[in-house]
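Using only what follows, build the 3D model:
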Amino acid sequence: MATHNDLGKQGEQLAVDHLLKMGYSILAQNYIYQKAEVDIIAQKKDVLVAVEVKTRSSSHFGDPQEFLKPKQIKRIVKAVDDYVNANAMDVEVRFDIIAIVINARETSLEHLENAFYHF
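Next comes the predicted model:
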């Protein structure tokens, strides 16, 4: 497996660990709908949280969250809508980003709640 894939998997595991520690329940990981993939679908109380995990080895070219493009946001929203409808859920939905930098000098994690809006 390519190094960037390993880094991404490591970042997703750090994000899951963080969410669990913060009291979230993990409902799904790598949920796929059409061309979209939602990294983590979690729930805390009556809020469903779609989490996009962005992991980089450096913030030299920008913070990890800056690499989420509008087209990807649209796809994530559609996928979460499908998940909510398929599971007949009546919940508030929130979209978060967990930005992670992992390298030999540091591991940092930033949880950005309400990172983007779907309406």
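
can you give me the strands for this structure?
25-33, 36-44, 47-56, 92-102, 107-112 (DSSP state E).

contacting residues around the third one?
Looking back up the chat, that one is strand 47-56. 7-8, 10-12, 14-15, 19, 24, 27, 38-43, 64-65, 67-68, 72, 76, 79-80, 84, 89, 91-102, 115 (Cβ atoms under 8 Å, 6 or more residues apart in numbering). All C-beta spots, glycine's among them, are computed from the backbone N, C-alpha and C.

Parallel or antiparallel, list what pairs with that strand.
strand 36-44 (antiparallel), strand 92-102 (parallel) (DSSP bridges).

Work out the gap between the last one and the centre of the chain.
In this case it means strand 92-102. Centroid separation between strand 92-102 and its chain, computed with Cα atoms, centre = their mean, to the nearest Å, is 5 Å.

Run a quick neighbour tally on V38.
V38 has 24 neighbouring residues, counting by other Cβ atoms under 10 Å.

Please apply the same query to the one 5 residues further on.
Using other Cβ under 10 Å, the number of residues around Q43 comes to 15.

ok, the residue nearest to it when sequence neighbours are not counted to K44 distance?
Closest residue in space to Q43, ignoring its immediate chain neighbours: S25 at 5.0 Å, by Cβ to Cβ, 6 or more residues apart in numbering. Taking Cβ to Cβ, to the nearest Å as the measure, S25 falls 7 Å from K44.

coming back round to it: in contact with the residue nearest to Q43, which residues?
For S25, the contact set (Cβ under 8 Å, 6+ apart) comprises 42-44.

Try it again at 10 Å.
The contact partners of S25, by Cβ atoms under 10 Å, 6 or more residues apart in numbering, come to 19, 41-45, 49.

Can I have the buried ones of those residues as a PyMOL selection?
Entered in PyMOL, the line below selects the buried ones among the contacts of S25, by 16 or more other Cβ atoms under 10 Å:
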select buried, resi 19+41+42+49
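
Which two among the contacts of S25 are spaced furthest apart?
By the measure Cβ to Cβ, I41 and K45 form the most distant pair in these, at 14.8 Å.
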